[in-house]
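Enquirer: based on what follows, work out the 3D shape:
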Amino acid sequence: MKHTRQFADARRLEICLRVGCAERALAELEWESNMNSTIKRYVLLNILLLVFSLSSVCSKLAAQEEVMSFKFIMMYGFVVMLLGVYAIFWQQIIKNMPLTAAYANRAITVFWGMLWGLIIFKEKITLGKVAGAVLVVAGIILFALSDREEKA
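Expert: Okay, the predicted model is just below:
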């Protein structure tokens with residue numbers, strides 16, 4: 001699939017060069033490359049935020065155990081490990097994207113928290129919680145779109 005896409009891009013560039021639109025073809029290929037890179041960054045950011053949300057799950061599991069028991073210490077060990085991984089990769093993410101966009105996406109952990117609460121802790125999801133999560137996701141989308149408008 002990747003080779004087919006590269007071939008199609010190369011073929012399109014060749015055609016444009018023949019008809020004299022090299023600058024447009026190069027700009028188009030650069031835009032596509034930047035868009036793919038941006039999408040990859042957002043996907044990686046959201047995977048990282050999923051990992052971050054798991055630290056809260058481990059923390060709640062630890063809170064259900066007797067203080068200083070083996071399970072308590074093990075769960076807090078997982079919390080420290082997950083937060084360490086998060087901190088290292090967060091630094092790499094914010095190196096390559098606007099800090100405001102990265103922070104806005106952190107709000108998605110509201111969704112992950114609801115999901116973990118339902119699956120792991122059998123917590124109820126109310127209409128109000130769903131509405132709040134939808135507003136958060138809508139806010140992230142609007143924020144991302146406004147960032148795009150500023151660049152245009």
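Enquirer: any weak-confidence spans in the chain?
Expert: For the chain, the stretches with pLDDT under 70 are 1-33, 147-152.
Enquirer: max-length helix in it?
Expert: If each helix of the chain is counted by residues according to DSSP state H, the longest one is helix 22-63.
Enquirer: buried residues, the helix or strand following it. List them.
Expert: Using DSSP states H and E, the next helix or strand after helix 22-63 towards the C-terminus is helix 70-95. Residues of helix 70-95 classed as buried by neighbour count (16 or more other Cβ atoms under 10 Å): 72, 75-76, 78-79, 82-83, 86, 89-90, 93. To be clear about C-beta, it is placed using only N, CA and C from the backbone, and glycine gets the same treatment.
Enquirer: nearest to A62 among those?
Expert: Proximity to A62 was ranked across the buried residues of helix 70-95 by Cβ to Cβ; first place goes to M75, at 3.4 Å.
Enquirer: identify the residues contacting the closest one.
Expert: By Cβ atoms under 8 Å, 6 or more residues apart in numbering, the contact set of M75 is 58-59, 61-62, 65.
Enquirer: and which of the residues you listed is nearest N34?
Expert: Using Cβ to Cβ, C58 comes nearest to N34 of these, at 36.8 Å.
Enquirer: switch the contacts of M75 over to CSV; also include distance to L135 and neighbour count.
Expert: Below are those laid out as CSV (distance: Cβ to Cβ, whole Å; neighbours: other Cβ atoms under 10 Å):
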residue, distance to L135, neighbour count
C58, 27, 19
S59, 25, 15
L61, 28, 18
A62, 30, 19
E65, 34, 15
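Enquirer: picking that back up, tell me how far the longest helix of the chain lies from the chain's centre.
Expert: 4 Å (Cα atoms, centre = their mean, to the nearest Å).
Enquirer: what does stretch 56-68 give?
Expert: In this view, stretch 56-68 has its centroid 26 Å away from the chain centroid, taken as Cα atoms, centre = their mean.
Enquirer: what residue is smack in the middle of this structure?
Expert: N46 (1.9 Å; Cα atoms, centre = their mean).
Enquirer: one step back: which of the buried residues of helix 70-95 lies closest to G132?
Expert: Lowest distance from G132 to these (Cβ to Cβ) belongs to Y86, with 23.5 Å.
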